[in-house]
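J.: Requesting a structural model of the entry that follows:
(one chain, ligands or ions: 2)
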Amino acid sequence: EEGMNAQDLGKILHREPAEIVKKLFMLGVMTNQNQSLDKDTIELLAAEYGIESEEKVHEDISDIDNLYTKEMEASKESKNQVKRPPVVTIMGHVDHGKTTLLDRLRHTNVSEHEAGGITQSIGAYQVRLDDRLITFLDTPGHAAFSNMRARGAEITDIVVLVVAADDGVMPQTIEAIDHAKSAQVPIIVAVNKIDKPGANPDHVMEQLMKYGLVPEDWGGDTIFVKISAKTGENVDDLLQMILLQADVMELQADPQQKAIGTVVEARLDKGRGPVADLLVQQGTLKIGDPIVIGDTYGRVRVMTNDKGRRVKKATPSTPVEITGLNDVPSSADKLVVFDDEKTARSVGEQRAKNALEKQRENVQHVTLDNLFDTM
Ligand code: GDP
Ligand code: MG
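T.: Ligands and ions are numbered 1, 2, ... in the order given. Predicted coordinates:
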């Protein structure tokens with residue numbers, strides 16, 4: 001049986017055959033492009049290109065998506081489930097008032113003792129109403145929502161669809177409805193700008209019937225709230241309705257299991273290193289927890305809440321900013337917690353290496369085994 005030669009290997013590794021020959025020469029193996037190579041030589045070369053013959057040690061535990069899903073499933077069976085705050089995304093047509101609403105919410109319903117009411121920008125924040133919390137994702141718009149979903153992150157429980165009462169249903173209104181529907185996320189309609197002279201909320205409600213959003217008063221099951229994000233009128237009613245919808249959905253989580261979460265935003269801070277804003281979804285994240293996020297790893301060093309306060313732990317639906325990672329993760333990356341730092345580190349390193357390999361060679365992951373399979 002003819003073994004593989006430098007040309008064959010070049011193809012598999014996406015390298016020029018001449019480079020393979022040169023590499024082998026550096027390793028002390030004299031060959032030409034056509035000469036067939038023995039197993040030891042191929043193994044030597046493979047190692048040189050970062051392909052290991054041992055089956056990856058952390059095959060299963062480096063599958064973060066799988067670990068995340070397992071914890072998510074486990075929570076559904078758990079007897080320790082408790083109510084958790086709903087996670088809300090605000091969507092709607094440009095200029096209909098998404099940012100104004102988010103700003104208003106950010107500055108109201110924040111109790112006095114919470115850092116003077118100043119909410120930090122950490123990708124999400126919580127609003128309190130009658131001792132209950134609601135988590136708002138801070139990036140309105142459809143791109144953020146789609147990006148999260150495209151990466152398999154479904155962190156939004158409820159969509160608040162903002163429609164300006166003086167403008168009515170517009171293209172991005174319809175787009176938002178489509179997004180929410182395909183994600184099977186319930187919509188609450190906030191008919192905004194009711195303070196404006198030209199406001200016609202009833203017209204908006206009529207228009208939306210075409211898209212299956214029918215108010216309860218008219219025999220449907222969609223919650224509509226007429227608000228002014230500018231004056232604050234009925235904004236508390238909107239919060240009340242979000243909580244009502246959350247109750248109907250029976251949103252729960254188990255704060256006792258291992259924490260899982262999703263990155264909302266991440267960046268490199270000059271002084272503090274990699275910083276990730278994330279939403280804890282199940283379990284309780286604690287200072288010191290060994291973690292892997294996407295292709296990064298570390299220990300939770302400093303954890304800060306949306307009020308700029310340092311916290312020692314974060315329960316489900318809580319947004320926090322953390323430091324302590326070796327690198328900057330991406331938004332929508334998943335977080336899982338490991339028992340010890342050593343494991344987290346090797347899993348993280350393994351994942352980073354895999355990602356780099358994929359990126360560099362732009363080939364499907366090649367193992368030595370499937371190298372040999374082709375022999
Ligand atoms: P976004 O593009 O959806 O984020 O819309 P913005 O929040 O930036 O609002 C667009 C414009 O509408 C701004 O000039 C706001 O001040 C104004 N606006 C937003 N909400 C209201 C409202 O309830 N009443 C009035 N009169 N103006 C509003
Ligand atoms: Mg805006």
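
J.: CA only for contacts and neighbour counts going forward, please
T.: Will do.

J.: Tell me if I'm right that Val292 and Thr343 touch.
T.: No: counting by C-alpha atoms under 8 Å, Val292 stays clear of Thr343, with 9.4 Å between them.

J.: Comparing these two, which shows the higher neighbour count?
T.: Using other C-alpha atoms under 10 Å as the criterion, Val292 and Thr343 rank with Val292 on top: 31 against 18.

J.: any residues touching the strand or helix carrying that one, and which ones?
T.: Here Val292 sits within strand 290-293, counting by DSSP states H and E. With contact meaning C-alpha atoms under 8 Å, 6 or more residues apart in numbering, strand 290-293 is reached by 64, 297-300, 329, 333-341, 344-345, 347-348.

J.: how about a cut-off of 6 Å?
T.: Tyr297, Gly298, Arg299, Lys334, Leu335, Val336, Val337, Phe338, Asp340, Glu341, Ala344, Gly348 (C-alpha atoms under 6 Å, 6 or more residues apart in numbering).

J.: And for stretch 163-182?
T.: Residues contacting stretch 163-182 (C-alpha under 6 Å, 6+ apart): Gly92, His93, His96, Val191, Asn192, Lys193, Gly198, Ala199, Asn200, Pro201, Val204.

J.: at 8 Å what do you get?
T.: 91-94, 96-97, 142, 146, 159, 161-162, 186-187, 189-194, 196, 198-201, 203-204, 207-208, 211.

J.: Of those residues, select the buried ones using a PyMOL command.
T.: In PyMOL syntax, the buried subset of the contacts of stretch 163-182 is picked out as below (16 or more other C-alpha atoms under 10 Å):
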select buried, resi 91+92+93+94+96+97+142+146+159+161+162+186+187+189+190+191+192+193+194+199+200+201+204+208
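
J.: Out of the contacts of stretch 163-182, which are close to ligand 1?
T.: Val94, His96, Gly97, Asn192, Lys193, Lys196 (C-alpha under 6 Å from any ligand atom).

J.: elements contacting the host helix or strand of Gln7?
T.: Per DSSP H and E, Gln7 falls inside helix 6-13. Counting contacts by 3 or more C-alpha pairs under 8 Å, 6 or more residues apart in numbering; DSSP states H and E, helix 6-13 packs against helix 17-26.

J.: Stretch 29-46: end-to-end distance?
T.: Taking C-alpha to C-alpha, to the nearest Å, stretch 29-46 runs 14 Å from one end to the other.

J.: low-scoring stretches of the chain, by residue?
T.: Low-confidence segments of the chain (pLDDT under 70): 1-2, 52-60, 109-120, 362-375.
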